[in-house]
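**Q** Any chance you can model this:
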Amino acid sequence: MFKKLIKGVLVLSTVFMLNNPAQAFYTDMSENHWAYQSIKFLTEVGVVVGYPDGTYKPDIPVTRAEFASMAIKALGQEDANVAQEIHFSDVNKDFWAYNIIQKAVYFDLIPDAKDQKFRPYDSVTRAEAITIAVNALTTQQISEQRAQEIISKSYEDYTQMPAWFLIAAGKAQLLDLIVVMPGNEGKLEADRPANRAEVAAILYKMMQEAKLNPNAKLAESMQKRTADGFIVDNVKVQGSIGIIPAGSIFPIQMETVVGSQISNVTDIYTAKVPKNIVTKEKYLLIEQGSDLKGQVKHVQRAKLFKQNGEVIIKNELLVTPNDQAVMLYGVATLDPGKIGFWRRIFKGAKVLTMPDQIVNIRLLGPLKIDLTNGYIYE
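**A** A predicted model of the protein is given here:
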């Protein structure tokens, strides 16, 4: 009973946060900030965090150690194992980001420095941050000449960038990974320290691209989850992303009694996902046991000799077993089903769904899911 109460509080608070996004994040950030959506998303998935006073401080620089940590979290590799350690003379084993830095090197985000120094307390430059984002991906090879042609078309200060950044800059431009703050248009500013807003925007772009084209080591590590269950056969799988299109149908198991003679419009119902929802390749989309919540949207009372009963429910919320709560809109029409001979003649069949009864819900919009960890994108 207590567990159900806690989950109910979680659902209600999540609904409030989703309907009032400004209340859920930082006191020094408005929705009009150019990097707001990236920062909001990365906060939700635990890649970035704010300060104890409730601020984000988007304009302050990020250290190289901090950025390595953010990048590894963004790629979902915090728990990856590294077989062979790389020694940096300025990073001791008791340093807070020691293991994270090892992972960043292992996944080829950061090269094994020739001078064996990592410089963990130095600010990460824009060139370094963008290069790490590029290194996370499988990219098309380009020549230095081609890279210079690409960069020179867009950035007036391209001649000031370090030579080692040229190829990465060209690839980043092709992949739209270069972030330019409003007011700095036409400037690459390769050696300037990247601030927390720029870092969030770069990482967000990297995450989206890495779902489709991760580098070889990341691809091996980013395995899709598989399971048996109810198959939705028209799911589009692209890289590690699965998209359930609008109109798709899957079963839900009611927990609330709903009926044409007892329910009213706006009544709340709850339900569960009775079995794993999977693709035809058996990639796991929605886990069994996920909670659903919605409202009764239409009620037609059954009337003898006049009409059969009908109830339409609209789902509005999905809470996964890892307590991610997202808006999920779908509808189900509850009708009497097969009607006997006398009901066919006289009509008036009632609708009544009991707890544990299965009904089919039809999605009103597409659902985008990370197949490696079950995260649902809104």
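**Q** how about the helices of the stretch 1-150 of the chain, start to end?
**A** With helices called from DSSP state H, counting those that start in this stretch, the stretch 1-150 of the chain shows them at 2-19, 36-44, 64-74, 98-106, 126-135, 144-152.
**Q** Contacts for the fourth one, please.
**A** Surrounding helix 98-106, the residues in contact under the criterion C-beta atoms under 8 Å, 6 or more residues apart in numbering are 65, 68-69, 71-72, 77-78, 80, 82-86, 88, 91-92, 95, 110-112, 118, 120, 132, 217. Heads up, the C-betas are built off the backbone N, CA and C, glycines and all.
**Q** now with 6 Å?
**A** Defining contact as C-beta atoms under 6 Å, 6 or more residues apart in numbering, one finds that helix 98-106 is touched by 68-69, 72, 77, 80, 82, 85-86, 91, 110, 112.
**Q** buried ones in it?
**A** 98-106 (16 or more other C-beta atoms under 10 Å).
**Q** Over to the third one?
**A** Residues 64-74 are the ones in helix 64-74 that count as buried (16+ other C-beta under 10 Å).
**Q** Include pLDDT when you put those residues into CSV, please.
**A** Converted to CSV, the buried residues of helix 64-74 look like this (pLDDT from 0 to 100):
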residue, pLDDT
Arg64, 97
Ala65, 97
Glu66, 97
Phe67, 98
Ala68, 97
Ser69, 97
Met70, 97
Ala71, 97
Ile72, 96
Lys73, 94
Ala74, 94
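**Q** out of the residues you listed, which one sits closest to Gly46?
**A** The nearest member of the buried residues of helix 64-74 to Gly46, counting by C-beta to C-beta, is Lys73 at 6.5 Å.
**Q** Any figure for the gap between that closest one and Gly186?
**A** Between Lys73 and Gly186 the computed distance is 32 Å (C-beta to C-beta, to the nearest Å).
**Q** how about the buried residues of helix 98-106 in TSV, adding pLDDT and distance to His33?
**A** Below are the buried residues of helix 98-106 laid out as TSV (pLDDT from 0 to 100; distance: C-beta to C-beta, whole Å):
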residue	pLDDT	distance to His33
Tyr98	95	33
Asn99	94	32
Ile100	95	27
Ile101	95	30
Gln102	93	34
Lys103	94	30
Ala104	95	28
Val105	94	33
Tyr106	93	34
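**Q** now, the most widely separated pair of those?
**A** Tyr98 and Tyr106 (12.8 Å).
**Q** Spatially central residue for this structure, please.
**A** Tyr377 (3.9 Å; C-alpha atoms, centre = their mean).
**Q** tell me, how many neighbours does the nearest residue to that one once chain neighbours are set aside end up with?
**A** The shortest distance from Tyr377 to any non-neighbouring residue, by C-beta to C-beta, 6 or more residues apart in numbering, is to Lys368 (4.2 Å). Look at Lys368: counted by other C-beta atoms under 10 Å, it has 16 neighbours.
**Q** does Lys368 sit in a helix, a strand or a coil?
**A** When classified by DSSP: H, G, I helix; E, B strand; the rest coil, Lys368 comes out as strand.
**Q** who wins for proximity to Lys303 among the helices of the stretch 1-150 of the chain?
**A** Comparing those by C-beta to C-beta, helix 2-19 comes nearest, at 35.3 Å.
**Q** What's the mean pLDDT across that closest one?
**A** Mean pLDDT, helix 2-19: 40.
**Q** So that it lines up with my notes, have the first residue be 445 from now on.
**A** That works, and once the first residue is 445, the last one we named lands at helix 446-463.
**Q** ok, back up a step: was I right about the residue nearest to the centre of the chain contacting Leu811?
**A** No. Applying C-beta atoms under 6 Å, one finds Tyr821 not in contact with Leu811, separated by 8.5 Å.
**Q** In this structure Thr797 contacts Met698, no?
**A** Yes. Look at Thr797 against Met698 with C-beta under 6 Å: they come within range, at 5.1 Å.
**Q** export the helices of the stretch 445-594 of the chain to a markdown table and tack on distance to Pro502?
**A** Shown next, in a markdown table, are the helices of the stretch 445-594 of the chain (distance: least, C-beta to C-beta, whole Å):
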| stretch | distance to Pro502 |
| --- | --- |
| helix 446-463 | 21 |
| helix 480-488 | 7 |
| helix 508-518 | 14 |
| helix 542-550 | 22 |
| helix 570-579 | 15 |
| helix 588-596 | 26 |
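**Q** of all those, which lies closest to Asp635?
**A** helix 570-579 (6.5 Å).
**Q** quick one: contacts of that closest one?
**A** Counting by C-beta under 6 Å, 6+ apart, 511, 515, 552-553, 609, 612, 615-616, 621, 633-634, 636, 638, 643, 646, 650 sit against helix 570-579.
**Q** Thank you, goodbye.
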